[in-house]
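Predicted structure and sequence below. I'll ask about it afterward.
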Amino acid sequence: DKCAVCGTTVYQMEKCKFDDCILHRQCMKCVVCKRHLTVGNFVMTESKIYCNS
């Protein structure tokens, strides 16, 4: 599987799934404030992740 954010391979141990997207855990950070996020406290638009704040 490829990460929806960075486009590289995602291995099982680092995989996070959100809707139909697969992400690395380290790629789950807000593109504005760079805060690391968890499922439920972000929105994804056009392969970019934003925190809810």
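Great, that's in hand.

what sits up against stretch 1-13?
The contact list for stretch 1-13, computed with CB atoms under 8 Å, 6 or more residues apart in numbering, reads 15, 21, 22, 23, 24, 27, 28, 44, 47, 48, 49. C-beta: built from backbone N, CA, C; applies to glycine.

Which two among these are spaced furthest apart?
Farthest-apart pair in those is 15 and 48; separation 19.2 Å (CB to CB).

Please name whichever of the contacts of stretch 1-13 scores lowest on pLDDT.
Lowest in pLDDT among the contacts of stretch 1-13 is residue 47, which has 78.

What distance do you get for it to residue 21?
8 Å (CB to CB, to the nearest Å).

quick one: the residue most central in space within the chain from residue 37, how far?
Most central in the chain under CA atoms, centre = their mean is residue 28, positioned 3.4 Å from the mean C-alpha point. Distance, residue 28 to residue 37, using CB to CB: 5 Å.

Now the common contact residues for the two.
Counting by CB under 8 Å, 6+ apart, the contacts common to residue 28 and residue 37 are residue 49.
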